[in-house]
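**Q** need a 3D model of the sequence below.
(chains A and B)
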Amino acid sequence: MTKYVRRRYIAAKIDGNKEFNEKEAFGAVWNSLTRLFGEYGASLAELSLVEYNEERRQVIFRCSHKALDMVKASIVAIIEVANEKACIRVIRVSGTLKSLRTKMANLP
Amino acid sequence: MKFYIDLHLCLQTSNFFHVNSMVEKAAALGYKTVGITISSNATIEEIQKLKELCSSFGVDFVTRIDLAPKSVEELLKNLRNLRRKAEVISIECLSKQVARQAAKDRRVDLIRFSLVNPKRRFFDVAEAELASGSSATLEIDMAPLLTLQGFRRVVLLSSLRREVQIANKARVPIVLSSGADEPILLRGADDYCSLAYLFGMERFEARKAFSENPKAIVERNRRKLSIDFVAPGVHVVRRGKS
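**A** Predicted coordinates:
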């Protein structure tokens, strides 16, 4: 029997003067994660990008619930995306994608 | 209700556009109170202008003076002259003697240490014991954690982790501040709490360091600076008519 893996979904928003694509946003978080916690730490995080809304500059990441603090710290530590000054702010964290979307929809 | 305070915005107070953008961003990130460093010879008009700007964004303004004395004599002289001028006095300890004096002096609110030179971080057990007996609080700026990279960040994180442990053991309060000098380095308090995980601070501790601890300092000093204050524990309740 396979073990149930608990996940966390993180909604974040990119602040910067330039438009960024999905690859650049994920690359920035991935680089920050490997810089702070190394390749071993990054492997524990099981980080992946679920959704990217280029218009609203919102991105949803998925990670292991045990590595949530690591991933959040990595997101906050970003000061550059694709060699442009930018930062990423964590908006909401949730256990399911459905509840995250509901929470996001209720945001002012 | 969340009440977050950033006691250290590093602004060029002469540059109105810079001050405006930083205060606007701080307000947007949910800070209710911001501490802005003023120069020791700032005029009342300059302070009033900053106060008006902050209140236009719905943010409470706290005056703060940063001192970096080279000797104990210089520290004492500055404290005598400036204590009643600002609501918060922060000392950057450049030597061990200054650090010890700052930790035991009740007029000092915040003690800070070099963020780039680990040999100039004097927050050890003796320093913590002195600080716990007075009102001094350990201040940690978060901006260098974003700007430093590689070995320097590793050394800083390691020093901070040790100091947080020492401060918790000696019950010295910790204040986390942004220390940001440009809007891109400014983050919300919750984001900074996530970053505090890197040097071993629990989320509730980090939240306290961004809300209750700085609030206690500001309230205590505002009480002391008010005209009703007479002496510790004695204040004017009501004034007679004549």
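**Q** quick one, longest helix in chain A?
**A** helix A:22-45 (DSSP state H).
**Q** what residues does that helix touch?
**A** A:14, A:47, A:49, A:52, A:54, A:59, A:61, A:63-64, A:66-67, A:70-71, A:73-75, A:77-78, A:80-82, A:86, A:88, B:149, B:198 (CB atoms under 8 Å, 6 or more residues apart in numbering or on different chains). The way it works is simple: take the backbone N, C-alpha and C, and place the C-beta from them, glycine included.
**Q** what's downstream of that helix, the next helix or strand?
**A** strand A:48-53 (DSSP states H and E).
**Q** mind listing what's buried along the longest helix of chain A?
**A** A:24-26, A:28-30, A:32-34, A:36-37, A:42, A:45 (16 or more other CB atoms under 10 Å in any protein chain shown).
**Q** excluding residues flanking it in the chain, which one is nearest the residue in chain A that chain B sits nearest to?
**A** Distances between chain A and chain B by CB to the nearest CB are smallest at A:Lys72, namely 3.9 Å. Sequence neighbours aside, B:Ser194 is the residue nearest to A:Lys72 in space, at 3.9 Å (criterion: CB to CB, 6 or more residues apart in numbering or on different chains).
**Q** what's the one helix or strand the one you found maps to in contact with?
**A** Here B:Ser194 sits within helix B:189-196, counting by DSSP H and E. Outside helix B:189-196, the residues that touch it by CB under 8 Å, 6+ apart are A:69, A:72-73, A:75-77, A:89-90, B:2, B:4, B:6, B:29-31, B:142, B:145-146, B:176, B:178, B:187, B:201, B:203, B:205-207, B:209-211.
**Q** so which bits of chain B are right by chain A?
**A** Applying CB under 8 Å from any CB of the partner chain, we find that chain B lies next to chain A at B:145-147, B:149, B:184-185, B:187-188, B:190-192, B:194-195, B:197-198.
**Q** in strands, which of the contacts of helix A:22-45 appear?
**A** A:Ile14, A:Leu49, A:Tyr52, A:Val59, A:Phe61, A:Cys63, A:Ser64, A:Glu80, A:Val81, A:Ala86, A:Ile88 (DSSP state E).
**Q** what's the burial count for the fifth one?
**A** By the other CB atoms under 10 Å in any protein chain shown criterion, the neighbourhood of A:Phe61 contains 26 residues.
**Q** show the buried residues in the residues of chain B next to chain A.
**A** Neighbour-count burial (16+ other CB under 10 Å) applied to those gives B:145-146, B:184-185, B:187-188, B:190-192, B:194-195, B:197-198.
**Q** quick check: longest helix in chain B by residues?
**A** helix B:150-169.
**Q** sheet partners, orientation included, of whichever helix or strand comes after that one?
**A** Next helix or strand after helix B:150-169 toward the C-terminus (DSSP H and E): strand B:174-177. Sheet pairing of strand B:174-177 (DSSP bridges) gives strand B:137-141 (parallel).
**Q** and the strand or helix carrying B:Ala103, what's buried?
**A** Element membership for B:Ala103 (DSSP H and E) is helix B:96-104. By neighbour count with 16+ other CB under 10 Å, helix B:96-104 contains the buried residues B:Gln97, B:Val98, B:Ala99, B:Arg100, B:Gln101, B:Ala102, B:Ala103.
**Q** which residues of chain B score low on pLDDT?
**A** When residues are selected by pLDDT under 70, those of chain B lie in B:1, B:242.
**Q** same check on chain A?
**A** A:1-3, A:108.
**Q** enumerate the residues of it near chain B.
**A** Contact residues, chain A versus chain B (CB under 8 Å from any CB): A:15, A:35-36, A:69-70, A:72-73, A:75-77, A:79, A:85-87, A:89-90.
**Q** sorry, back to before: quick one: contacts of the longest helix of chain B?
**A** By CB under 8 Å, 6+ apart, helix B:150-169 touches B:115-116, B:118, B:121, B:123-125, B:128, B:131, B:138, B:140, B:144-145, B:148, B:172-174, B:198-201, B:205.
**Q** the residue most central in space within chain A bridge partners, please.
**A** Most central in chain A under CA atoms, centre = their mean is A:Phe61, positioned 3.9 Å from the mean C-alpha point. Beta-bridge partners recorded for A:Phe61 (DSSP bridges): A:Ile10, A:Leu49.
**Q** please name the residues that touch it.
**A** So A:Phe61 contacts A:Tyr9, A:Ile10, A:Ala12, A:Phe26, A:Val29, A:Leu47, A:Ser48, A:Leu49, A:Val50, A:Val71, A:Ile75 (CB under 8 Å, 6+ apart).
**Q** got a quick PyMOL command for the buried subset of the residues you listed?
**A** For the buried members of the contacts of A:Phe61, the matching PyMOL selection, counting by 16+ other CB under 10 Å, is:
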select buried, chain A and resi 9+10+12+26+29+47+49+71+75
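**Q** turn the contacts of A:Phe61 into CSV, columns for distance to B:Ser55.
**A** Below are the contacts of A:Phe61 laid out as CSV (distance: CB to CB, whole Å):
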residue, distance to B:Ser55
A:Tyr9, 38
A:Ile10, 35
A:Ala12, 31
A:Phe26, 41
A:Val29, 37
A:Leu47, 42
A:Ser48, 45
A:Leu49, 41
A:Val50, 41
A:Val71, 37
A:Ile75, 32
